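K.L.:
just the structure for this:
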Amino acid sequence: MKMKKTLKWKKNWEKKKMISKKEAREILKDFSFIAEKVSPLLLKRQKSLAKLDIRYKDHQKAQGIVSNADEEAEELILNYLQKKYPSIPALSEEMAHRQKLTDYRRFQKMPLCFVIDPLDGTKNFVHGLDYYCISLALSIFGRPHIGFVLRPPTGESFCAIEGEGSWLKIPPHARRKKLLVKRKNKPLSHCLFSSGLQSPRHRPKVKQTLSIRRMGCAALDLCYVAAERFDGHISEGLSPWDVAGSAVILKEAQIIISDLEGNEFDCFGQTFLAAPQGIYHSLQEALKNRPIIR
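P.N.:
Below is the predicted model:
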């Protein structure tokens, strides 16, 4: 794959513990470039599902399944980023599975780190469903700073740099739309939420009913909250690569994000709650009161 021109990185970036706006924009361009190269590969592989090598993950931190499409996509992404940015380490889903990593916290302490999900929504993918995506992020000491998410079947992409806004690009004319969600005064009974909850929980003594869809692709679910297609998202048991790319997009769209208890967002945490102002606090309170999920 042809390499794009490499920026001359300042030698003291590790001492600065930050990157410049120019460097951030260059990385975002590279995320877009490599994701758009990987997208046709995934589309091609999904047309030949019978030829896929599908395996089940078998260690305590891994969930679901993995296919050779995941691994091929990851190889392309890692090869590109590691050649261009050799000093920046990467945490990627299939790499973590192969190395049987169970503690990702060491990546949280790194000044810069790429956080990659080459194919989020693998189960959807191998069943021929079109709800999956490529998610790429750069974190600074564990805090997502740059995010890019591409949905190959539709070609739409979401991106953000911390402090520079959140954007949606829609094909075929590549129109760019700024994502900025204003306060919503909407009753929860009128809302539609996405979720990655492992099972419907909480039944009797109900004060609230929540309408929830489990779509099977957290990174895309979260982007759809920023695009106001969902009114919020509730998850547990996520990994850093599931949320890192989308977290920047949510924050820059003015979505409130935290864990289920309302603590500060941590992409290395175990639970996740995202919703606009006006819905967030009502949703958090409803979750404490044992809602019915339908």
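
K.L.:
assumed Met215 was part of a strand.
P.N.:
No. Checked against DSSP: H, G, I helix; E, B strand; the rest coil, Met215 lies outside a strand; its state is coil.

K.L.:
separation between Ile140 and Ala227?
P.N.:
Counting by CB to CB, to the nearest Å, the separation of Ile140 from Ala227 is 25 Å. Just so you know, the C-beta spots here come from the backbone N, C-alpha and C atoms, and that holds for glycine as well.

K.L.:
so which elements touch the lengthiest helix in the chain?
P.N.:
Criterion DSSP state H: the longest helix present in the chain is helix 21-46. Packing contacts for helix 21-46, counted by 3 or more CB pairs under 8 Å, 6 or more residues apart in numbering; DSSP states H and E, involve helix 68-84, strand 133-140, strand 143-150, strand 157-161.

K.L.:
can you find the helix or strand of the chain with the lowest average pLDDT?
P.N.:
helix 13-16 (a mean of 50; mean pLDDT, DSSP states H and E).

K.L.:
quick revisit: next, format the helices and strands packed on helix 21-46 as TSV and append mean neighbour count.
P.N.:
Formatted as TSV, those follow (neighbours: other CB atoms under 10 Å):
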stretch	mean neighbour count
helix 68-84	19
strand 133-140	28
strand 143-150	25
strand 157-161	26
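
K.L.:
now Pro40, nearest residue through space, not along the chain?
P.N.:
The shortest distance from Pro40 to any non-neighbouring residue, by CB to CB, 6 or more residues apart in numbering, is to Pro152 (7.8 Å).

K.L.:
hang on, the one you found packs against Lys47?
P.N.:
No. The criterion here is CB atoms under 8 Å, and Pro152 misses it with Lys47 at 11.8 Å.

K.L.:
neighbour-wise, which of the two wins?
P.N.:
Set Pro152 next to Lys47 and count neighbours by other CB atoms under 10 Å: Pro152 wins out with 23 against 9.

K.L.:
what residues does the more buried one make contact with?
P.N.:
39-40, 42-43, 132-134 (CB atoms under 8 Å, 6 or more residues apart in numbering).

K.L.:
got it, and Pro153?
P.N.:
The neighbourhood of Pro153, defined by CB under 8 Å, 6+ apart, consists of 43, 130, 132.

K.L.:
do the same with Lys169
P.N.:
Contact partners of Lys169, counting by CB under 8 Å, 6+ apart, are 156-159, 175-177.

K.L.:
now it: phi and psi?
P.N.:
Dihedral pair for Lys169: phi -110, psi 130, per degrees, to the nearest 10.

K.L.:
also Arg176?
P.N.:
Dihedral angles for Arg176 - degrees, to the nearest 10 - are phi -100, psi 130.

K.L.:
sec struct for the residue nearest to Pro40, please.
P.N.:
Relying on three-state DSSP, one would call Pro152 coil.
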